[in-house]
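**Student:** How does the following fold in three dimensions:
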Amino acid sequence: MRKLILVAALTGLFSGMLQAGGELSGRRAPGFALPDREAKYHDPMDYRGKILVLEVMQTNCPHCRVFSLLLEDLKKKYGDRIATLAIVNPPDNLKTVNAYISANKITTPILFDCGQVSAVYMKITPQNPSVNVPHVFIIDAQGTIQDDYGYSATNKGIFEGKELFTVLDRMLARAPVSKKRK
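**Tutor:** Purely as a prediction, here's the structure:
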């Protein structure tokens, strides 16, 4: 009986971890217009009706590289039901991003931020002054941040395993059919 209770408690704990949003979740995704390496601007509103996976990253971060490859797998599995974007901040620049894209065969648009968009998403304040990467925001089809994850030992499966697929499967299963914008 004790083992059964322990298994049930652990199952509830782990499923709760996958269902719980991070401390930056549960709010409207801040708007922005940021350019990619081809000077094409991207705005979260352009992706309404789809789930948007938004990553804040650095090209020299090994965890970011693994996650970038995972994003490519997501795009293969989910097709146009989801969209992916990545944001970099200085010291990353066009040269480092081009090298990163080329070396890793990345198709996810990587956007250039001077720090302001990342600061708003991560609620940067003098009391909370740092941007830790990688950090991923899962934005639903209506533009609300449903989940966010910073890289840590407890969230390693999101960035390096298949837990993000579980999160997206759950969101897609409950997502209403979106109407096309005219």
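**Student:** you'd agree residue 41 is up against residue 35?
**Tutor:** Yes: counting by C-beta atoms under 8 Å, residue 41 does reach residue 35; the two are 5.4 Å apart. All C-beta spots, glycine's among them, are computed from the backbone N, C-alpha and C.
**Student:** what residue ranges in the chain score low on pLDDT?
**Tutor:** Residues of the chain meeting the criterion pLDDT under 70: 1-22, 175-182.
**Student:** Nearest residue to the middle of the protein?
**Tutor:** Per C-alpha atoms, centre = their mean, the C-alpha nearest to the average position across the chain is that of residue 136, at 3.0 Å.
**Student:** isn't that residue right next to residue 53, touching?
**Tutor:** Yes: under the criterion of C-beta under 8 Å, residue 136 makes contact with residue 53 at 6.4 Å.
**Student:** Give me the common contacts of those two.
**Tutor:** In terms of C-beta atoms under 8 Å, 6 or more residues apart in numbering, residue 136 and residue 53 are both contacted by the residues residue 164.
**Student:** Now do the helices in the chain.
**Tutor:** According to DSSP state H, the chain carries its helices in the segments 2-19, 62-78, 94-104, 116-121, 156-160, 163-174.
**Student:** now for these, which one comes closest to residue 140?
**Tutor:** Across those, residue 140 has its closest neighbour in helix 163-174 (6.4 Å, C-beta to C-beta).
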